[in-house]
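S.K.: Curious how this folds, go ahead:
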Amino acid sequence: MIFHETDIPGAWVIDLEYRADSRGFFARAFCAREFEAHGINATVVQCNLSYSHARGTLRGMHYQLAPQAEAKLVRCTAGAIFDVIVDLRPGSAAYCRWYGVELTASNRRMLYAPEGCAHGYLTLVDGTDVFYQVSAYYAPEAERGVRWNDSAFGIRWPFEPSVISERDRAHPDFVP
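M.R.: Here you go, the predicted structure:
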């Protein structure tokens, strides 16, 4: 795997390192040793899959409070997304900053979001699958969210979402 640091401390974009031959290719998409060598939490306790019918579906921005805070390794397995994290860790040099990257089935790129970051994405095409490996179990009592268009963050989405759940639309303004 090839690890690229982002502007958010502890967040990484991860590309596959291909071994190709006449059959196609082989690549590791996860290796605990390599993750740990980059300071990445390699614990995986749950894997999630989401499917979105339509281009313009927005999911996010979600996170869980400590001690159930989640690190996420996110990959788009069908279609394409603009994947975004927002650093909500008060002691972080990137506090309230966001980072976005296009993840597609064809680029096979992954985004690692550390604990304390809100996560969300916008589907860029119809019929999109997103696969997450998560470091903590889902805890409804710890679940929180921030609004996708909150001016506290200034996220520059590629276009205006057309499908947003009522829950995601109703997240309150962020108060630092």
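S.K.: C-alpha only now, for contacts and for neighbours.
M.R.: Will do.
S.K.: For stretch 159-176, which outside residues touch it?
M.R.: 54-61, 90, 122, 145-148, 150, 152 (Cα atoms under 8 Å, 6 or more residues apart in numbering).
S.K.: Can you pick out the most distant pair from these?
M.R.: Spatially, the most separated pair among the contacts of stretch 159-176 is Ala54 and Pro90, at 35.1 Å (Cα to Cα).
S.K.: Between the two, tell me which one has more neighbours.
M.R.: With neighbours defined as other Cα atoms under 10 Å, Ala54 and Pro90 compare such that Ala54 has more, 15 against 11.
S.K.: Surely Thr6 is in contact with Ile85?
M.R.: No. With contact defined as Cα atoms under 8 Å, Thr6 does not count as touching Ile85 (10.7 Å).
S.K.: Can you tell me how far the closest residue to Glu17 other than its chain neighbours is from Asn48?
M.R.: Nearest residue to Glu17 in three dimensions, chain neighbours excluded: Met1, at 4.9 Å (Cα to Cα, 6 or more residues apart in numbering). From Met1 across to Asn48, the span is 22 Å (Cα to Cα, to the nearest Å).
S.K.: of those two, who's got more company?
M.R.: Met1 (15 against 10).
S.K.: Hmm, that one is touching Asp15, no?
M.R.: Yes. Contact criterion Cα under 8 Å: Met1 and Asp15 qualify, at 5.8 Å.
S.K.: Note down every partner strand of the helix or strand containing Leu122 and its orientation.
M.R.: Using DSSP states H and E, Leu122 falls within strand 117-123. Strand 117-123 has the following strand partners under DSSP bridges: strand 57-64 (antiparallel), strand 80-87 (antiparallel).
S.K.: and the next element down the chain from that strand?
M.R.: Using DSSP H and E, the helix or strand that follows strand 117-123 in sequence is strand 128-134.
S.K.: Give me the angle between that next one and strand 117-123.
M.R.: 160 degrees (axes from the mean of the first three to the mean of the last three Cα atoms, to 10 degrees).
S.K.: who touches strand 128-134?
M.R.: With Cα under 8 Å, 6+ apart as the criterion, strand 128-134 contacts 43-54, 70-81.
S.K.: How far away from the center of its chain is that strand?
M.R.: 9 Å (Cα atoms, centre = their mean, to the nearest Å).
S.K.: tell me the mean pLDDT over that strand?
M.R.: Confidence for strand 128-134, expressed as mean pLDDT, is 97.
S.K.: So what are the sheet partners of the helix or strand just after that strand and their directions?
M.R.: Using DSSP H and E, the helix or strand that follows strand 128-134 towards the C-terminus is strand 143-145. Strand pairing for strand 143-145, determined by DSSP bridges: strand 57-64 (antiparallel).
S.K.: how close does the nearest residue to Asp83 once chain neighbours are set aside get to Lys72?
M.R.: The spatially closest residue to Asp83, leaving aside those adjacent along the chain, is Tyr121, at 4.4 Å (Cα to Cα, 6+ apart). Using Cα to Cα, Tyr121 is found at 13 Å from Lys72.
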